[in-house]
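# just a sequence and a predicted model for now, questions to come.
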Amino acid sequence: MDANIDIPPINSHLKSETIAYTSNILQQLANRLENQRRALVLDVGTVCNENINFFAQRAKKLFVCDIFAHMNRYQRSGLKTKSVWRHLDYEPNSFDVINLWNLVEHLNDNDAKRLTEICSKIVKKKGLLFVIDIENHVSAQAVSSFVIGEDFQISLRPQTHLDFPWYCRHNRAVISLFTSFSIVKIFQYRKGIREFLFQR
């Protein structure tokens, strides 16, 4: 598929440090899941009840990995965070859709590449990978949950108990991490929020 980079009409806004926008890719994913009804979905990021409910209603089965909780525990214990990837030890070709919420920008290049290798292995052929991240350091200063609301609105919920480094990557740098995937769509929003949809 050819990649499209869209900058949607501005529906994003900033009110008292709250960022919210309507997700175009989330709408596409929801339509696909509702039509398929047999999809297995892996949600990776901070655990969020709203997101669990959203995908559980549309997927045959939803798997959730709060990778930030594992990273935080490893960091506090002084353990090497590269061991965190054992929590994504799923069988090859397991998932129709994998969501990576606000994760890639908090990983160094080695860990980001390891994550993409794992995703490439555990997503099914023609499966989708939804990556959401923040390019703008001001918006990304605190680790946040991306929370799904009504009508595909996504807002950020700061996770003040988490403290991870932030790595600036422009679109090409992010895309270069996912060389085993084809780009389907890229959306850029205000405050540096980006959504990437890849297909294996």
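That came through, no problem.
# buried sites along stretch 177-190?
Neighbour counts over stretch 177-190 (16 or more other C-beta atoms under 10 Å) mark Leu177, Phe178, Phe181, Ile183, Val184, Lys185, Ile186, Phe187, Tyr189, Arg190 as buried. Using the backbone N, CA and C atoms, a C-beta is placed for each residue, glycine as well.
# now for those, which pair is the farthest apart?
Within the buried residues of stretch 177-190, two members stand farthest from each other by C-beta to C-beta: Phe181 and Arg190, at 25.9 Å.
# the closest residue to Pro158 other than its chain neighbours: neighbouring residues, count only.
Across the structure, with C-beta to C-beta, 6 or more residues apart in numbering as the measure, the residue nearest Pro158 apart from its sequence neighbours is Ala142 (4.6 Å). By the other C-beta atoms under 10 Å criterion, the neighbourhood of Ala142 contains 15 residues.
# what mean pLDDT does stretch 187-197 have?
Taken as a whole, stretch 187-197 carries a mean pLDDT of 87.
# again, but for stretch 99-117
Averaging pLDDT residue by residue across stretch 99-117 gives 92.
# for the residue nearest to Pro158, give me its contacts.
Each residue near Ala142 by C-beta atoms under 8 Å, 6 or more residues apart in numbering is listed here: Pro158, Gln159, Thr160, Leu162.
# just for this protein, where's the confidence low?
Scanning the chain for pLDDT under 70 picks out 1-18, 81, 137-141.
# please repeat the previous calculation with a cut-off of 50.
Low-confidence segments of the chain, defined by pLDDT under 50: 1-16.
# just checking: what are the partner strands of the lengthiest strand in it?
As assigned by DSSP state E, the longest strand anywhere in the chain is strand 123-134. Paired strands of strand 123-134, with direction, are strand 95-101 (parallel), strand 193-199 (antiparallel) (DSSP bridges).
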